[in-house]
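turn this into a model:
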Amino acid sequence: MPKIDEALKARSRTLRTNQTPIEGHLWAALRAHRFNGMKFARQVVVEPYILDFAARSAKLEIEIDGDTHGARTEYDARRTSFLEQQGYRVIRFTNSEVMGNLEGALTAIGVALADRTPPLPTPSPRWGEGLR
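The predicted model follows:
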């Protein structure tokens, strides 16, 4: 297993210690296998990024976007593309979505966890020949 960058590791630890109230609100619902029996972790390093919340076994990343994210659309797009290349599905919520509708956010997370089916293989052009 590759060694994690020490600066990112320290930043991740700091973010866990100083979580925002909104992160704490969602974390209370996700931690300790409370949500669908799934193990979530917070402030997970996937170099060069730190993920807000991740269900590593399901390759699901949950990002809570604060007010500053409106101006970071290009960065967020690059980040999402990178994580998708690593096999992660990324879902995003705004601060107000988490605080104003936690049940709705949890429903969306549940749907994302349930929809983990791998894509079906593309049948060869000859598939079905002789079945006529």
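
where does the protein dip in pLDDT?
1-2, 68-71, 116-132 (pLDDT under 70).

recalculate using a threshold of 50.
Residue ranges of the chain with pLDDT under 50: 119-122, 124, 127, 131-132.

quick one, strands of it?
41-46, 49-55, 60-65, 89-94 (DSSP state E).

of all these, which one comes closest to Asn18?
Shortest distance between Asn18 and the strands of the chain, using C-beta to C-beta, is found for strand 41-46: 10.0 Å. In this view, the C-beta of every residue, glycine as well, is placed from N, C-alpha and C.

what residues does that closest one touch?
Residues outside strand 41-46 that contact it (C-beta atoms under 8 Å, 6 or more residues apart in numbering): 4-5, 8-9, 12-13, 15-16, 19, 23, 27, 31, 50-54, 56, 61, 83, 86, 88.

from the residues you listed, which land in helices?
Residues of these located in helices (DSSP state H): 8-9, 12-13, 15-16, 23, 27, 83.

now the residues you listed in CSV, with neighbour count and distance to Gly100?
Output for these, formatted as CSV (neighbours: other C-beta atoms under 10 Å; distance: C-beta to C-beta, whole Å):
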residue, neighbour count, distance to Gly100
Leu8, 16, 31
Lys9, 15, 33
Ser12, 19, 27
Arg13, 12, 30
Leu15, 15, 23
Arg16, 15, 24
Glu23, 20, 15
Trp27, 19, 17
Leu83, 19, 26
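
could those be laid out in TSV, adding distance to Asn101?
Converted to TSV, the ones in helices among the contacts of strand 41-46 look like this (distance: C-beta to C-beta, whole Å):
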residue	distance to Asn101
Leu8	32
Lys9	33
Ser12	28
Arg13	30
Leu15	24
Arg16	25
Glu23	16
Trp27	17
Leu83	24
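
show me which pair in these is furthest apart.
For the ones in helices among the contacts of strand 41-46, the farthest-apart pair by C-beta to C-beta is Arg13 and Leu83; their separation is 20.7 Å.

so what's the residue most central in space within the chain up against?
For the chain, the residue nearest the mean C-alpha position is Glu61 (0.7 Å; C-alpha atoms, centre = their mean). Listed by C-beta under 8 Å, 6+ apart, the contact set of Glu61 reads 44, 46, 51-54, 83, 88-91.
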